[in-house]
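Colleague: just a sequence and a predicted model for now, questions to come.
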Amino acid sequence: MKKLFLQASLVVVGFFVGGTVGGYLTFHRYARDYALVRAFAWTGIFNAVSVNQYNEGSKDAKQELFSTLTLYTQGVRSSAIDPTMKKALRMNCGLLEARLSVLENESGNVDGAKSYLARAQEDLDAAGWVDLSERNILQAVERQPVSPCGSAPRNAAETSASPNQKQCGLTP
Amino acid sequence: MKKVSRIFALLLVGAVLGAPLGAYLIQRKFIDKEKALGMVNEEALVDDYAKKEFIYADSHSAREALTYAVEIHNEMQGTSTLSGWPEKSDLGWCYAELSLIEESAGNPTLAKNYMSQAQQILKELGLKDPSESHIRKLVQRMPATNQPSSVQPR
């Protein structure tokens, strides 16, 4: 009886070890082959959270926006990313910098605000934006009321011009 | 020696049985979900980029961004598990915006082609009035100071 119990225990231990190894190897292969997809999953979450906090005027917004900006900046520097996608990331960097500029301005750090705005103008210029005036950029990152659907709200310009708003699953 | 071999054999039997289950659980509970999220986020990022470029950037950059968004949307329709009607609707509007850009660039054939693709997609998705004039009305460009005169809304 005791022998049988020990044998069963050995099989169970082996089962858990095998399960852990199998899981790890599967994850390792996925992480190696889909690094870019993983990066998009997490930057998307970071971006949604930080922009939401910015719109809500949360005190953590600055830190969250800065973390998201760091992730996007890494993407812009990565050699694995398509040049057009890099432009998309760079435009997002510009918008994040513009938001950080607004927050610095609100906290009284005028020099910091100016520095972020200058970086935003540089990034948006690289993305092909025509009007790089402070007014136009700040209008693009105007705070929006938080969407009742839970998704990150779209900015003012897009709300006024984009036909494909997905508010609570409705189309025009 | 025989005892050690037996212990090893029992552990191996357990491991052989456990490995596929571990791989399956990681795949199903984590990888599939993260992959789907990554794909849908990539699609959303590219679409948002294209839409903003249409509003704020020069025609060349807007065309490049919208063409890229169309490419990604089409690619994701077949591969992304979370890609559904909202993404298809985004694709339709990308075609509509591309049509306006091509029209202002003096490419009427291409513009017409894009517009008909937009109409077809939006009709499939149940847009009440998929006529060209209605789509044009919805895809009006923001009256911002940065719009080149050639692509101003009519």
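Modeller: Yep, that arrived. Just so you know, these numbers come straight off a predicted model, no measurement behind them.

Colleague: going by C-alpha atoms from here, please, whenever you check contacts or count neighbours.
Modeller: OK.

Colleague: neighbouring contacts of stretch B:103-123?
Modeller: Here stretch B:103-123 makes contact (Cα atoms under 8 Å, 6 or more residues apart in numbering or on different chains) with B:88-89, B:91-96, B:98-102, B:129-132, B:135, B:150-151.

Colleague: among these, which are in helices?
Modeller: B:88-89, B:91-96, B:98-102, B:132, B:135 (DSSP state H).

Colleague: can you name the two of the residues you listed that are farthest apart?
Modeller: Spatially, the most separated pair among these is B:88 and B:102, at 21.0 Å (Cα to Cα).

Colleague: what about residue A:12, how many residues nearby?
Modeller: 19 (other Cα atoms under 10 Å in any protein chain shown).

Colleague: name the nearest residue to it, sequence neighbours excluded.
Modeller: residue B:14 (5.9 Å; Cα to Cα, 6 or more residues apart in numbering or on different chains).

Colleague: what about the longest helix in chain A?
Modeller: helix A:2-33.

Colleague: quick one, the very next helix or strand once past it and helix A:2-33 angle?
Modeller: Toward the C-terminal end, the helix or strand that comes next after helix A:2-33 (DSSP states H and E) is helix A:35-56. Between helix A:35-56 and helix A:2-33, the angle comes out at 80 degrees (axes from the mean of the first three to the mean of the last three Cα atoms, to 10 degrees).

Colleague: now do the buried residues in the helix or strand following helix A:35-56.
Modeller: As assigned by DSSP H and E, the chain's next helix or strand after helix A:35-56 is helix A:61-77. Buried residues in helix A:61-77, counted by 16 or more other Cα atoms under 10 Å in any protein chain shown: A:61-62, A:64-69, A:71-73, A:75-76.

Colleague: check the offset of stretch B:117-137 from the chain's centre.
Modeller: 19 Å (Cα atoms, centre = their mean, to the nearest Å).

Colleague: intersect the ones in helices among the contacts of stretch B:103-123 with the contacts of chain A.
Modeller: Near chain A, judged by Cα under 8 Å from any Cα of the partner chain, the entries from the ones in helices among the contacts of stretch B:103-123 are B:89, B:93.

Colleague: where does residue B:57 fall, phi/psi-wise?
Modeller: With angles defined as degrees, to the nearest 10, residue B:57 sits at phi -100, psi 170.

Colleague: tell me the contacts of the residue nearest to it when sequence neighbours are not counted?
Modeller: Once flanking residues are discounted, residue B:57 sits nearest to residue A:129: 3.9 Å by Cα to Cα, 6+ apart. Contacts here follow Cα under 8 Å, 6+ apart; on that basis residue A:129 touches B:53, B:56, B:57, B:58, B:146.

Colleague: surely the third one and residue A:130 touch.
Modeller: Yes. In terms of Cα atoms under 8 Å, residue B:57 counts as a neighbour of residue A:130; the distance is 5.3 Å.

Colleague: tell me which of those two has more neighbours.
Modeller: Higher neighbour count among residue B:57 and residue A:130: residue B:57, with 25 against 20, using other Cα under 10 Å.

Colleague: where does chain A dip in pLDDT?
Modeller: A:146-172 (pLDDT under 70).

Colleague: mind running it again at 90?
Modeller: For chain A, residues meeting the criterion pLDDT under 90 lie at A:1-3, A:35-37, A:59, A:78-82, A:143-172.

Colleague: ok so, going back, list only buried entries from the contacts of stretch B:103-123.
Modeller: Of the contacts of stretch B:103-123, these count as buried by 16+ other Cα under 10 Å: B:88-89, B:91-96, B:98-102, B:130-131, B:135, B:151.

Colleague: quick one on the thing from earlier: for the residue nearest to residue B:57, phi and psi?
Modeller: The phi and psi values for residue A:129, taken as degrees, to the nearest 10, are phi -70, psi 140.

Colleague: what's the spacing between it and residue A:43?
Modeller: Distance from residue A:129 to residue A:43, counting by Cα to Cα, to the nearest Å: 23 Å.

Colleague: same question, residue A:145
Modeller: 22 Å.

Colleague: neighbour count: these two, which is higher?
Modeller: More crowded of residue A:145 and residue A:43, by other Cα under 10 Å: residue A:43, with 23 against 13.

Colleague: from memory the more buried one sits against residue A:72, does it?
Modeller: Yes. The pair residue A:43 / residue A:72 is scored as a contact, 7.4 Å apart, by Cα under 8 Å.

Colleague: where along chain B do the helices fall?
Modeller: Along chain B, counting by DSSP H, helices occupy B:2-26, B:32-56, B:59-79, B:85-104, B:108-124, B:132-138.

Colleague: and the fifth one, which residues are buried?
Modeller: In this case it means helix B:108-124. Residues of helix B:108-124 classed as buried: B:110-119, B:121-123 (neighbour count, 16+ other Cα under 10 Å).

Colleague: swap in the third one?
Modeller: Taking 16+ other Cα under 10 Å as the neighbour-count basis, helix B:59-79 is seen to contain the buried residues B:59, B:61-63, B:65-70, B:72-73, B:76-77.
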